[in-house]
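Chemist: I'd like to go over a predicted model; first the sequence, then the structure.
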Amino acid sequence: MSKLPLSLRIAANAGCSLVLAFLVLPILSVVPISLNKSSFIAMPPKAYSGVWYGRFFADPEWHSSLVHSLEIAAITTVLALIIGTLAAIGLRRVNGRLRVGLTALFLAPMIVPVIVTAVAFYRSALDIGLNGTIIGMSLGHTILALPFVVINVGISLRTIDPNWISAAEGLGAGPFVIFRTVVLPHIVPGLTGAAVFSFVTSFDEVVIAVFMAGYGNKTLPVKIWESIRLEFTPVIAVAATMMIAIAIVLFALSHSITPKADEAPQ
Amino acid sequence: MVRRKLIKRGQIETACLLAPALVVLALVFVVPLARLFSLAFTDPAGPFATFETLAGSPVYRTIAVNTLLMAFAVTFICALLAWPVSYVLSRLKGRLFGLALYGVLFPFWISVLVRTFAWMLILERNGPVNRFLMALHLTDHPLALLFNNTGVLIGMVHVLMPYIILPLYSAMVRVDRRLLLASDGLGASLLDTFRRVYFPLCLPGLAGGATFVFLLSLGFFITPSLLGGSNAINLSMLIASFVNDRLAWSLAAAASMVLLAAVLLIIAAAAKLLPLDRGFLAR
């Protein structure tokens, strides 16, 4: 077992390569299609041009949906980071069943199927006129991003020795000074990871956005969702390529900022 | 006295730290869920009429069965395909390891919608898969790979596979190789070592990942809607159609409760039966 026979090793490597190709290549296939010259979606394209990128930016519905998505993702990130970090710090200060219960509550949005969360929130938002608003969609996305913030910040809080806090208190530091000088430096890696994850979670989210979006503030995924079902033009491939590009930039960013600790996921 | 005051102050501080998140969770999540579920019992025909409608109709029963079968199929295929990837990942070092790991992590970062759209292009009647199969003379007419269960299966396996590869990989790297050597040295065959040493040690990761994949597939909405359409309706799509097409809120609420109950049952069963420990939330 420690040394598999050659045939099995070849089979494992071949299987691994095939599955990795299956995971990565289909995603990249939208890029050449976004550069297609003709108005039919064909793969591979017969001639290349950037005409559909021009269409994307010329159409106010498309490029404003990109702006809405970025706006909502930014609001979501700020909201989730603030309330999630405070909650993670608060969780460290409670014990026993209360801690277990609160943790379960904070992680619950990860477990409840998104369609259920979306329909429930949509129904209540209808009653108070929150549907179709940017803040409504941001609040919905904040719930989905919250578990990542609580987990990530919680993990980095564990690197702080409680004695350091006692020492700072003994030296006369107030809670805000302690947060800024002792806690914050230690949770920066967790915070950056959580920020990127919150942003991507919101930027990619479709289900809550499809229910909550109004006519005037569709997000990019909502616009893609509607276009796939209505007209199916190469502009969708342009939008998809942009979503991939933004995801790659954020991915690279998070890896260059955070230390190598997350090289091998646990 | 002073000490008690200090403790009390500490508790108030803790409450203030937790309060913002709890308020947002309550307003956006807990209260709306409770309000939605209460709608399930508001049917004029009686408090449980909605559940009777759901259980009594062969159409809805078929949808529930289809959702379950699809989740089983997706989980099974993901669990099977994860083995070579996780194994090779656990043996690789350096550059190649980084490259392979990025291959698994990259899809995680791409929107499910984009990934599903890509599959729509690939599985089309005249798409690359069909042209490839026809060029090899494996089929003489384009296969229907889209707008049916085949398309949904392919798309969902693609989206969910990383969720099982990573926990299985982290179980595999924790396997002490000396145990395998010992088993080998004691004369066990390759198959025996796998069956009695390696597999049991990998089981926590595999079971955790499989549970997660199964849970996510039960509630999947985007991929089945676009790749399956009206030929492969699942519970999530049924809920959406109750809300959007029929404005039947009480039925949507009842179906949501059924879906959530199924998810919670599986979590409870998994927590009891499976050696989940760290595998479940591992990413």
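Modeler: Good, I have the coordinates.
Chemist: other SSEs contacting the host helix or strand of A:Ser64?
Modeler: Assigned by DSSP states H and E, A:Ser64 belongs to helix A:60-92. If you count contacts as 3 or more CB pairs under 8 Å, 6 or more residues apart in numbering or on different chains; DSSP states H and E, helix A:60-92 packs onto helix A:51-58, helix A:96-111, helix A:134-157, helix A:184-204, helix A:220-230, helix A:235-257, helix B:2-25. Every C-beta, even on glycine, is put in place using the N, C-alpha and C of the backbone.
Chemist: rerun at 10 Å
Modeler: Using 3 or more CB pairs under 10 Å, 6 or more residues apart in numbering or on different chains; DSSP states H and E, the elements in contact with helix A:60-92 are helix A:51-58, helix A:96-111, helix A:134-157, helix A:184-204, helix A:207-212, helix A:220-230, helix A:235-257, helix B:2-25.
Chemist: might you list the low-confidence residue ranges for the chain?
Modeler: I'll assume chain A. Low-confidence segments of chain A, defined by pLDDT under 70: A:1-3, A:39-43, A:258-266.
Chemist: to clarify, I was referring to chain B.
Modeler: B:1-3, B:273-283.
Chemist: run a quick neighbour tally on the closest residue to A:Phe203 other than its chain neighbours.
Modeler: Excluding its sequence neighbours, the residue lying closest to A:Phe203 (CB to CB, 6 or more residues apart in numbering or on different chains) is A:Ala73, at 4.3 Å. Residues contacting A:Ala73 under the criterion other CB atoms under 10 Å in any protein chain shown number 26.
Chemist: surely A:Ala73 touches A:Ala247?
Modeler: No: A:Ala73 lies out of contact with A:Ala247 (CB atoms under 10 Å); the separation is 11.5 Å.
Chemist: hey, what's in contact with both of the two?
Modeler: Shared contacts of A:Ala73 and A:Ala247 (CB atoms under 10 Å, 6 or more residues apart in numbering or on different chains): A:199-200, A:203-204.
Chemist: let me know the closest of the residues you listed to chain B.
Modeler: Comparing the shared contacts of A:Ala73 and A:Ala247 against chain B with CB to the nearest CB places A:Asp204 closest, at 3.6 Å.
Chemist: which one is that closest one nearest to, not counting chain neighbours?
Modeler: Excluding its sequence neighbours, the residue lying closest to A:Asp204 (CB to CB, 6+ apart) is B:Ser111, at 3.6 Å.
Chemist: how about the one you found, what does it touch?
Modeler: Taking CB under 10 Å, 6+ apart, one finds A:27, A:200, A:203-206, A:220-221, A:224, A:240, A:243-244, A:246-247, B:117, B:222 in contact with B:Ser111.
Chemist: re earlier: looking at the helices and strands packed on helix A:60-92, which is closest to B:Asp43?
Modeler: Counting by CB to CB, B:Asp43 lies closest to helix A:207-212 out of the helices and strands packed on helix A:60-92; the figure is 22.4 Å.
Chemist: for the closest one, name the packing helices and strands.
Modeler: For helix A:207-212, the packing partners by 3+ CB pairs under 10 Å, 6+ apart come out as helix A:60-92, helix A:114-128, helix A:134-157, helix A:220-230, helix B:112-123, helix B:222-227, helix B:235-244.
Chemist: closest to A:Lys46 out of the ones you listed?
Modeler: helix B:112-123 (15.1 Å).
Chemist: that closest one near chain A anywhere?
Modeler: Yes: between helix B:112-123 and chain A, judged by CB under 10 Å from any CB of the partner chain, the touching residues are B:112-123.
Chemist: so what's the one residue in the stretch 1-150 of chain A that gets nearest to chain B up against?
Modeler: Nearest residue of the stretch 1-150 of chain A to chain B: A:Pro113, at 2.6 Å (CB to the nearest CB). Counting by CB under 10 Å, 6+ apart, A:Pro113 makes contact with A:119, A:207, B:215-216, B:218-221, B:235-236, B:239, B:256, B:259-260, B:262-263.
Chemist: longest helix in chain B, please.
Modeler: For chain B, the helix reaching the highest residue count under DSSP state H is reported as helix B:58-91.
Chemist: quick check: closest non-adjacent residue to B:Ser256.
Modeler: Per CB to CB, 6+ apart, closest to B:Ser256 is A:Val116, 4.5 Å.
Chemist: quick one: the one you found and B:Ile239 touch, right?
Modeler: Yes: assessed by CB under 10 Å, A:Val116 is found in contact with B:Ile239 at 7.2 Å.
Chemist: find residues that contact each of these two.
Modeler: Common neighbours of A:Val116 and B:Ile239 (CB under 10 Å, 6+ apart) are B:219, B:252-253, B:255-256, B:259.
Chemist: that older thread, pipe the shared contacts of A:Ala73 and A:Ala247 into TSV and attach distance to B:Ala55 and neighbour count per row.
Modeler: Listed next are the shared contacts of A:Ala73 and A:Ala247 as TSV, based on distance: CB to CB, whole Å; neighbours: other CB atoms under 10 Å in any protein chain shown:
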residue	distance to B:Ala55	neighbour count
A:Phe199	42	26
A:Val200	39	24
A:Phe203	39	24
A:Asp204	35	24
